[in-house]
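Trainee: Predicted coordinates and the sequence they were generated for:
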2 protein chains.
Amino acid sequence: MDTTFVALADPTRRAILARLTRGEASVKELAEPFEMSLPAVSKHLKVLERAGLISRARVAQSRPCRLEAAPLREVADWVEHYRRYWEQSFDRLEDYLQELQREENEGGE
Amino acid sequence: MDTTFVALADPTRRAILARLTRGEASVKELAEPFEMSLPAVSKHLKVLERAGLISRARVAQSRPCRLEAAPLREVADWVEHYRRYWEQSFDRLEDYLQELQREENEGGE
């Protein structure tokens, strides 16, 4: 999962994945919205490809990129183990805010 | 989310988070199972603290570490957008395996 997390630790790479949910795209098409050079985008694509998050066609000259979402299932399974802990922390925050509210109301009487 | 993903891209740091689900722990306690030096563990803790994934007590001399799971909710929300894409890819794999099975059965008649 290390390479998956490394690949996801960059906003451009996450934006590329988001773009690919709308269908395959060439390097040129991916470069456009980011105003990046083709080599810069290619570098990001290599990181994503190494992590198994995209695949690239071997045939067409443009070698369109395609989302491969399978490694994200591992991320989802991993993070799910922590759900109860972040829910607890939001519950504590809610309790605290209610406590503040109560004190404020009592102060106003 | 960049700092969160960077923090998660290391198996020792993920193991530290897993350990902290069982309760607070000192640097010494965290170092034990990994057979790592205290400075090496401290370095990992700094990365986790910067990402808001742990907090450290200011009072006690041992400064016990505590899990702060809130940033993981963002990860869970982000990855959830991709669920249908990995489900599709597993469906395609299943179809393919069923197709193979069918061909094998037909071949055996």
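Mentor: Yep, it's here.
Trainee: For the spatially most central residue of chain A, give me its contacts.
Mentor: Among the residues of chain A, the one closest to the centroid is A:Arg14, at 4.9 Å (Cα atoms, centre = their mean). By Cβ atoms under 8 Å, 6 or more residues apart in numbering or on different chains, the contact list for A:Arg14 reads A:Leu8, B:Met1, B:Trp78. In short, each C-beta sits where N, CA and C put it, glycine included.
Trainee: With pLDDT added, can I get those in CSV?
Mentor: Formatted as CSV, these follow (pLDDT from 0 to 100):
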residue, pLDDT
A:Leu8, 98
B:Met1, 91
B:Trp78, 97
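Trainee: which of these tops the neighbour count?
Mentor: Highest neighbour count within the contacts of A:Arg14, by other Cβ atoms under 10 Å in any protein chain shown: A:Leu8, with 28 neighbours.
Trainee: element containing the residue nearest to the centre of chain A?
Mentor: Assigned by DSSP states H and E, A:Arg14 belongs to helix A:11-20.
Trainee: And A:Glu29, by the same measure?
Mentor: Going by DSSP H and E, A:Glu29 is part of helix A:27-31.
Trainee: Write out the residues of chain A neighbouring chain B.
Mentor: A:1-2, A:5-6, A:8-11, A:14, A:17-18, A:21, A:67-70, A:72-73, A:75-76, A:78-83, A:85-86, A:88-90 (Cβ under 8 Å from any Cβ of the partner chain).
Trainee: Okay, angle between the host helix or strand of A:Asp95 and helix B:11-20 too, please.
Mentor: According to DSSP H and E, A:Asp95 maps onto helix A:83-108. Here the directions of helix A:83-108 and helix B:11-20 differ by 60 degrees (axes from the mean of the first three to the mean of the last three Cα atoms, to 10 degrees).
Trainee: Next, the buried residues of helix A:83-108.
Mentor: Applying a neighbour-count criterion of 16 or more other Cβ atoms under 10 Å in any protein chain shown, one finds A:Tyr85, A:Trp86 buried in helix A:83-108.
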